[in-house]
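Participant: pasting the structure only:
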DNA sequence: GCAAAAGTGTTGTGTCTACACCCATGT
DNA sequence: ACATGGGTGTAGACACAACACTTTTGC
């Protein structure tokens, strides 16, 4: 997997835009200073090549982003991959805000992945792929804030996701730290598969 | 363009799911009984191959759908293309409801294109690519009904699209037919480029 | 006048945001 | 008691769907 792909123009590359949230930051997985990639073998499914590219991370959700012609003339299909922080401990993860050194087409793909994630956070349960198995609302809020890039209130986050049935409460509480505070309830995502929770902005089908 | 592509496994195909609305039906463009396609030349941009595939139609909007491995082992990138009926007069257009004869992977791509269109009708101005330059609300309603597959009220369609600034009224009226009725006002889409009009279902950025 | 088609007024409902307030813990 | 963090109650703002009603035409 680590071998350099032969850049003849007939080979097809699979690129990964793998994202996770560490601390308060959204980070992307790099390998040798650029997006991880693998060369597709003949008749190979795209997803297995993707798996080779991001072997290092245990992705919780994967979806195809875009196919484009790279600067060197090769075709590449990019995937968006998401992982909870605790399942992506290995690898060279870098904050998406600090990618000036990345080649321009790779930067564009990261931006596309980020945009896709941002959009889907608003109308799907895609947060399941970035959050650990159980979490408090505050912890989930940090994930959403890092991924969205703007502030979100824990109050409203909880209500939106509970109303939609995306979150379920689980037994147990998180004990407060040294500074006190009420113990926090624990939640999990009700589903670990992508689901659209807010299908129609308008023009809904008649009942 | 009409030549059969050589099916060696290294060539890359570009497939078109070109849709338009004729009468009350959503139709897809076929060529020789399957989706129009072209083989990508070395270093060729995907869009120019797409243009070769659908030469016959003057598409108003194009976006990439999906890349997959076809049954014969070739890679194919599918595009969704939309055209107003009056700009797609030539070609073999068939109702999307009657595609039993199509190969299964092509059928799946048509379904993906239809789903993408349906979703975007609800939160973007994508109707511009299916509607003629000017139209009445009733005419636009027919387009939406055909594309969505369920009933939409002209009243609410007008209000949603005007509220969002997607439609603009234009001078002149459509004279009623023999059976009478009030003359209809004419509208146009304010923009001929895809715009997201309803970005956030929830978790909007703070003001 | 009557039917047909277009368009407006109005009401009710649901979802979201914002913010005040209450709760449970540590020190 | 007080600070800290978690959580609920409540009110306001929109946007949407549904439907009654009015307008403008042909016959």
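Facilitator: Here it is on my side, so go on. Just so we're clear, the structure is a prediction, and the values are computed from it rather than from any experiment.

Participant: show me how the record splits chain A into domains.
Facilitator: A:10-120, A:126-189 (automatic domain parsing).

Participant: among these, which comes closest to residue B:76?
Facilitator: domain A:10-120 (9.8 Å; C-beta to C-beta). No exception for glycine: its C-beta is placed from N, CA and C like everyone else's.

Participant: the longest strand along chain A - which strands sit beside it in the sheet, and in what orientation?
Facilitator: When chain A is parsed with DSSP state E, its longest strand is strand A:12-22. Under the criterion DSSP bridges, strand A:12-22 sits next to strand A:25-30 (antiparallel), strand A:37-39 (antiparallel), strand A:75-82 (parallel) in its sheet.

Participant: and the spatially most central residue of chain A, what is it in contact with?
Facilitator: What sits nearest the mean C-alpha location of chain A, by C-alpha atoms, centre = their mean, is residue A:82, with 2.8 Å. Contact analysis of residue A:82 by C-beta atoms under 8 Å, 6 or more residues apart in numbering or on different chains lists A:18, A:19, A:20, A:59, A:60, A:61, A:62, A:117, A:126, A:129, A:130.

Participant: do any residues in the biggest helix by length in chain A lie close to DNA strand D?
Facilitator: For chain A, the longest helix by residue count, based on DSSP state H, is helix A:104-123. No: counting by C-beta under 7 Å from any atom of the strand, no contacts exist between helix A:104-123 and DNA strand D, the nearest distance being 13.0 Å.

Participant: out of the domains of chain A, which comes closest to DNA strand C?
Facilitator: Nearest to DNA strand C, of all those, is domain A:126-189, at 2.9 Å by C-beta to the nearest atom of the strand.

Participant: do the closest one and DNA strand C meet at all?
Facilitator: Yes: counting by C-beta under 7 Å from any atom of the strand, DNA strand C has neighbours in domain A:126-189: A:153, A:155-156, A:159-160, A:163-164, A:173, A:175-176, A:178-183.

Participant: how long is that domain from one end to the other?
Facilitator: 9 Å (C-alpha to C-alpha, to the nearest Å).

Participant: repeat that for stretch A:140-155.
Facilitator: Using C-alpha to C-alpha, one end of stretch A:140-155 lies 11 Å from the other.

Participant: quick one: it near DNA strand D?
Facilitator: Yes: Stretch A:140-155 is in contact with DNA strand D by C-beta under 7 Å from any atom of the strand, via A:154, A:155.

Participant: residues of that stretch that come out buried?
Facilitator: Neighbour-count burial for stretch A:140-155 flags A:140, A:141, A:142, A:143, A:144, A:145, A:146, A:147, A:148, A:152, A:154 (criterion: 16 or more other C-beta atoms under 10 Å in any protein chain shown).

Participant: which pair of those spans the longest distance?
Facilitator: The farthest-apart pair in these, when distances are taken by C-beta to C-beta, is A:147 and A:154, at 15.0 Å.

Participant: quick one, strands of chain A?
Facilitator: Assigned by DSSP E, chain A shows strands spanning A:12-22, A:25-30, A:37-39, A:61-69, A:75-82, A:92-95, A:167-174, A:184-189.

Participant: so which of these gets nearest residue B:78?
Facilitator: With C-beta to C-beta, the closest approach to residue B:78 among those belongs to strand A:61-69: 9.7 Å.

Participant: what about the closest one, near chain B?
Facilitator: Yes: residues of strand A:61-69 are located near chain B by C-beta under 8 Å from any C-beta of the partner chain, namely A:64, A:66, A:67, A:68, A:69.

Participant: same deal with stretch A:154-167?
Facilitator: Yes: using C-beta under 8 Å from any C-beta, stretch A:154-167 reaches chain B at A:156, A:157, A:160.

Participant: how about CSV for those residues, with pLDDT, distance to residue A:104 and neighbour count added?
Facilitator: Output for these, formatted as CSV (pLDDT from 0 to 100; distance: C-beta to C-beta, whole Å; neighbours: other C-beta atoms under 10 Å in any protein chain shown):
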residue, pLDDT, distance to residue A:104, neighbour count
A:156, 97, 37, 13
A:157, 98, 35, 21
A:160, 98, 36, 18
